[in-house]
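1. Take a look and give me a structure for this.
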Amino acid sequence: MKTPDRSRVYQCHHFDSTRWSYYSPRDDDIIIATSYKAGTTWTQGIVANLLFPDGDFPAPPAEMSPWIDMRFVPLEVFLNGIEAQEHRRYLKTHLPLDGMRYEPKVKYVYVSRDGRDVFMSLWNHYSNMTDESRTHMNNIPGRVGDPFPAAPDDIHEFWATWASQNWLEGELGGWPYWSHLTNVQSWWNFKHLPNIEFFHYNDFLNDTEAEVKRLADYLEITVPEEWWPRILKAISFEDMKANADAYVPDGGSHWKGGAQTFMNKGTNGRWRDVLSREELAQYDSLCEEALTPDCRRWLEFGRAG
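-> Have a look, this model is predicted:
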């Protein structure tokens, strides 16, 4: 059975894939993977509540589930933190699969979303980042490549670069981040592996209970029946936004308006009232180049595709 090869190094203003070289896996580890703005924080919240169905977390969920490839925090802080965890660990990455060391005994949860919805959420994320956070990120020693630029004033100006330019060599689109579509396809290529399972934002929205129970089954987490009502309420968008400080990285301190800004709408389809016919045609062309037909169907429709 074909397995992934770690064939690339990914480094930029936000992340450094070499940090995973120092990761010591445990057989029951969970790794939540997304490109960005595709349901990462929601999935982390779901897993936290599955592992601790009574809601008695030993630490805020965002703190329990660090983004290992992120270069903002010294690597030894991450490593010491996760090594000290006595509960089942659930970690986070935004890397393409060819930038990671594949671990056969680890459970990978890949979550994604239609690229147009990702773009709309990313615009909120990018345009609301504080100047202080951007400056701090750019000044962290060891940055590879150009500094992370400030967001433009206009969403269409952002689309023009995000959809047509790549920040990282060999990718398609994503500027000034990394490519959403290249990321998705890198994981989709290994959907045959039993320890990589795909979940879609649409499916979580359309049938939350069924998808959360499917996730629990995949992760081999047994939840007492009496805890399901509490879990499903706790992982609703309304409840997670009300408790956003616990779920959002660094309590939302990197964004204007804090954690409430980070957890913005929790909806799909807003691009229909924003993107032009020409921009949507550009997206279609990008998908045709970056994705296999089956991957594109799944990315647009989820399990319904």
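2. how about the nearest residue to S186, chain neighbours excluded?
-> Closest residue to S186 apart from its sequence neighbours, by Cβ to Cβ, 6 or more residues apart in numbering: P96 at 3.8 Å. C-beta: built from backbone N, CA, C; applies to glycine.
3. same deal with H200?
-> G302 (3.3 Å).
4. which ones are touching the one you found?
-> H200, Y201, N202, D203, N206 (Cβ atoms under 8 Å, 6 or more residues apart in numbering).
5. Am I right that the residue nearest to S186 is in contact with H180?
-> No - using Cβ atoms under 8 Å, P96 is not in contact with H180, being 10.5 Å away.
6. count of residues packed around G170?
-> Counted with other Cβ atoms under 10 Å, residues neighbouring G170 total 10.
7. Strands along the stretch 1-150 of the chain, start to end?
-> Along the stretch 1-150 of the chain, counting by DSSP state E, counting those that start in this stretch, strands occupy 30-33, 90-93, 107-112.
8. Would you format those as CSV with mean neighbour count and mean pLDDT included?
-> Converted to CSV, the strands of the stretch 1-150 of the chain look like this (neighbours: other Cβ atoms under 10 Å; pLDDT from 0 to 100):
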stretch, mean neighbour count, mean pLDDT
strand 30-33, 24, 98
strand 90-93, 24, 97
strand 107-112, 24, 98
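9. could those go into TSV alongside distance to I140?
-> Formatted as TSV, those follow (distance: least, Cβ to Cβ, whole Å):
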stretch	distance to I140
strand 30-33	23
strand 90-93	19
strand 107-112	27
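10. what does stretch 201-217 rub up against?
-> With Cβ under 8 Å, 6+ apart, stretch 201-217 has contacts from 38-39, 42-43, 46-47, 50, 109, 111-114, 117, 197, 199, 222-223, 228, 231-232, 235-236, 266-268, 301-304.
11. Could you give me the buried positions within it?
-> Y201, N202, D203, F204, L205, T208, E211, V212, K213, L215, A216 (16 or more other Cβ atoms under 10 Å).
12. ok, the first one to R6 distance?
-> Right, Y201. 27 Å (Cβ to Cβ, to the nearest Å).
13. same deal with the second one?
-> Relative to R6, N202 is positioned 30 Å away (criterion: Cβ to Cβ).
14. So which residue is dead centre in the protein?
-> For the chain, the residue nearest the mean C-alpha position is T34 (3.3 Å; Cα atoms, centre = their mean).
15. Report the contact partners of that residue.
-> Contacts of T34 (Cβ under 8 Å, 6+ apart): T40, T43, H94, Y110, V111, S112, N183.
16. which two in these are spaced the farthest apart?
-> Using Cβ to Cβ, the two most remote members of these are T43 and N183, lying 15.1 Å apart.
17. which residues in the stretch 1-150 of the chain form helices?
-> For the stretch 1-150 of the chain, the helices defined by DSSP state H, counting those that start in this stretch occupy 40-51, 61-64, 75-83, 115-127, 131-139.
18. As CSV, these with mean neighbour count and distance to K241 would be great.
-> Below are the helices of the stretch 1-150 of the chain laid out as CSV (neighbours: other Cβ atoms under 10 Å; distance: least, Cβ to Cβ, whole Å):
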stretch, mean neighbour count, distance to K241
helix 40-51, 24, 10
helix 61-64, 20, 14
helix 75-83, 14, 26
helix 115-127, 22, 13
helix 131-139, 13, 21
